[in-house]
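Asks: I'd like to go over a predicted model; first the sequence, then the structure.
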Amino acid sequence: MGLTLWLVPSPQDSSRLQKIMQIRPNSQSSEASYPEFYPHITLASLPDPAPSLATILSSIPDAQLALPITFDAVEVGDHFFRSVYIAVHPTAALRDLHQHVHAKLAIPEKTPKFPHISLCYITDDDAAAGERTKYFQELEQSGRIRKDTDSVSLNCGGSNEDDWLSGFDSPEIWIARCEGPVETWTVEKKISLR
């Protein structure tokens, strides 16, 4: 994939989400499924060769505020990078930032299911055996998903505690190099939002 721009939660909210991301149904999946990764919303995937770092940085508005993120639903997807994910409410601020970055970088707006936060990556072979559905059902059956009137919350607490999360403020945009196995992806630059 190359370089990507990610909107990320704070370290505290990331830790909360990672508790959900570490849940595994009682099933046999391949070693290629369920790699560890930092929770994020992909804002843009950059072409190869990628623009210079200065050009990438200039695509982010100088006065960009931290963005409030609200969860709309948890959905089962049909792609490795969208195996099971949180559909994020597409606010005007999120859409505007997405359009601004793509326009400044002169790249087409190709961000599938924007905006979303993947909870797990599961191979197509494991998905054919029902693994994506099993993961989603494990979240539902263990009481980890609560559907509210027009949003969804996830219980990120331990076995005997509640810690409901229905969104977060995204304080940073990261430039991540997404090449090779998922667990070898690296963060090249972190940009703080106001």
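Replies: Arrived safely. As the structure is a computational prediction, the values presented were derived from the model and not from experiment.
Asks: So which bits of stretch 167-182 are buried?
Replies: 167, 168, 170, 171, 172, 173, 174, 175, 176, 177, 178 (16 or more other C-beta atoms under 10 Å). C-beta: built from backbone N, CA, C; applies to glycine.
Asks: would you list every one of the strands in this protein?
Replies: 2-8, 41-45, 67-79, 82-88, 116-120, 145-147, 152-155, 164-165, 167-170, 172-178, 186-192 (DSSP state E).
Asks: and the angle from the second one to strand 172-178?
Replies: Think strand 41-45. Going by axes from the mean of the first three to the mean of the last three C-alpha atoms, to 10 degrees, strand 41-45 is angled at 60 degrees with respect to strand 172-178.
Asks: quick one: contacts for the residue most central in space within the chain?
Replies: Most central in the chain under C-alpha atoms, centre = their mean is residue 117, positioned 2.6 Å from the mean C-alpha point. For residue 117, the contact set (C-beta atoms under 8 Å, 6 or more residues apart in numbering) comprises 17, 39, 40, 41, 69, 71, 85, 86, 88.
Asks: from those residues, which is closest to residue 27?
Replies: residue 85 (19.1 Å; C-beta to C-beta).
Asks: Pull up the gap between the closest one and residue 105, please.
Replies: Counting by C-beta to C-beta, to the nearest Å, the separation of residue 85 from residue 105 is 24 Å.
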